[in-house]
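Asks: Quick one, structure for this:
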Amino acid sequence: MALQSMTGFARSEGTVGRYRWAWELRSVNGKGLDIRMRLPPGMENFEGEVRRLVSQYVTRGNVQVGLSVQVSENRVEAVLNRETLDAVLKLRQDLGAELVDPAPLTLDALLSIRGLVEFKEAADDVEALARRDADVLNGLEQAVHALCEMRRIEGDALCRLLSDQVTRIEELAQIVEADPSRQPDEIARKLESQIAALIGAAATLDRDRLYAEAALLATRADLREEIDRLKAHVAAARDLLAMGGPVGRKLDFIAQEFNRESNTICSKSNSVAVTSAGIELKVVIDQFREQVQNLE
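Replies: This next block holds a predicted model:
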């Protein structure tokens, strides 16, 4: 599976009958999957299908889904209120004997009676609405696929960037491992020099106790475990990048472990070269973790 970024945008639009519709999907980083929708009045029944389709292809990120529907051709129909008309005709009949030469009822006169005729937009039949809804839902699926494709393209770019950063972390770990200050002879020489200076300054120091403390300090300063763990984390990160899919959380955990080992290396360092490599290691790890936040 390919890696996916959590950021993306997609739009699909079309025309069916007298309707023109458009979907817009946007996704940004998120701890989980959060889907928010803006649907036109009367089309709230699409909410379930939106959630089903988006969650089928997206596992993480804040996704905003918007739908707009416009009518390109307005049709108006007149609705006659039969009850009002019957009441008007009955009133005319009841008053007919009392009216002198009553004028005939004209259409203009009838239209002037409030509530007798109501003009409203003509509704489509069931089949036309079904065709519209089917076309709109098909557009939704196209938009979801386009969003995932954009997220995949960005995911590929992130994968290459993260792979380069993992390689640099490995190189810096090798620099720390190969530094002369970590060689037993160099450690012994430094300790011997420091102990000699201490004994020369204070003859009352217990020589055996001093050597024991120095050996303990040398053991604590050893970076073998940190280097081995860095190598193991590098291998795990490469496996996850190769595996693909929603591995963002796992890579974020590895980034935390990278950071833990780099902090320890800096605190144990007894040479300028190791300290310098440790500082650069922390910089690269911060960059790695920042980019991992964009992964699904």
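Asks: and Ile254, how far is that from Leu158?
Replies: 15 Å (Cβ to Cβ, to the nearest Å). For the C-beta atoms, the positions are set from N, CA and C on the backbone; glycine is no exception.
Asks: and what of Gly30?
Replies: For Gly30, the distance to Leu158 - Cβ to Cβ - is 16 Å.
Asks: Which of the two has more residues huddled nearby?
Replies: Using other Cβ atoms under 10 Å, the more surrounded residue of Gly30 and Leu158 is Leu158, with 20 against 13.
Asks: Please name every helix or strand in contact with the strand or helix carrying the more buried one.
Replies: Counting by DSSP states H and E, the element that carries Leu158 is helix 126-178. Where contact means 3 or more Cβ pairs under 8 Å, 6 or more residues apart in numbering; DSSP states H and E, helix 126-178 is packed against strand 8-16, strand 19-28, helix 47-57, strand 61-71, helix 224-243, helix 248-268, helix 272-292.
Asks: quick one: low-confidence ranges for the stretch 101-250 of the chain?
Replies: For the stretch 101-250 of the chain, the stretches with pLDDT under 70 are 101-103, 110, 119-123, 181-221.
Asks: switch the cut-off to 50
Replies: Of all residues in the stretch 101-250 of the chain, none has pLDDT under 50.
Asks: what residues are up against Gln142?
Replies: Listed by Cβ atoms under 8 Å, 6 or more residues apart in numbering, the contact partners of Gln142 are Ser12.
Asks: and Val79, how many neighbours?
Replies: Using other Cβ under 10 Å, Val79 has 10 neighbouring residues.
Asks: Report the secondary structure state of it.
Replies: Classification of Val79 by DSSP: H, G, I helix; E, B strand; the rest coil places it in strand.
Asks: hang on, isn't it packed against Val117?
Replies: Yes - with contacts counted by Cβ atoms under 8 Å, Val79 reaches Val117, the gap being 7.1 Å.
Asks: Excluding chain neighbours, give the residue nearest to Thr275 in space.
Replies: Closest residue to Thr275 apart from its sequence neighbours, by Cβ to Cβ, 6 or more residues apart in numbering: Ser269 at 4.4 Å.
Asks: ok, that neighbour - how many residues close by?
Replies: Neighbours of Ser269 using other Cβ under 10 Å come to 21.
Asks: for Asp125, same thing?
Replies: Asp125, neighbours per other Cβ under 10 Å, totals 8.
Asks: Ok, Ala242 next?
Replies: Ala242: 11 neighbours (other Cβ under 10 Å).
Asks: Could you do Leu251 as well?
Replies: Using other Cβ under 10 Å, the number of residues around Leu251 comes to 22.
Asks: got a list of contacts for stretch 230-239?
Replies: Stretch 230-239 has contacts (Cβ under 8 Å, 6+ apart) with Leu162, Ser163, Val166, Ile169, Glu170, Ala173, Leu251, Ile254, Glu257, Phe258, Glu261, Ser262.
Asks: and it, which residues are buried?
Replies: Across stretch 230-239, burial judged by 16 or more other Cβ atoms under 10 Å covers Leu230, Lys231, His233, Val234, Ala236, Ala237.
Asks: Dump these into a markdown table; add distance to Ile113 as well.
Replies: Formatted as a markdown table, those follow (distance: Cβ to Cβ, whole Å):
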| residue | distance to Ile113 |
| --- | --- |
| Leu230 | 88 |
| Lys231 | 90 |
| His233 | 84 |
| Val234 | 85 |
| Ala236 | 82 |
| Ala237 | 80 |
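Asks: what's stretch 288-296 in contact with?
Replies: Outside stretch 288-296, the residues that touch it by Cβ under 8 Å, 6+ apart are 3-7, 29, 58-61, 151, 154-155, 158, 161-162, 165-166, 169, 246-248, 251-252, 255-256, 258-259.
Asks: repeat that for 7 Å
Replies: Contact with stretch 288-296 is made by 3-7, 29, 59-61, 155, 158, 161-162, 165, 246-248, 251-252, 255, 258, as judged by Cβ atoms under 7 Å, 6 or more residues apart in numbering.
Asks: what's the answer for stretch 7-16, then?
Replies: Counting by Cβ under 7 Å, 6+ apart, 21-29, 131-132, 135, 139, 142-143, 146-147, 150-151, 154, 294 sit against stretch 7-16.
Asks: Which one of the buried residues of stretch 230-239 is nearest to Gln70?
Replies: Of all the buried residues of stretch 230-239, Gln70 sits closest to Ala237, with 48.8 Å by Cβ to Cβ.
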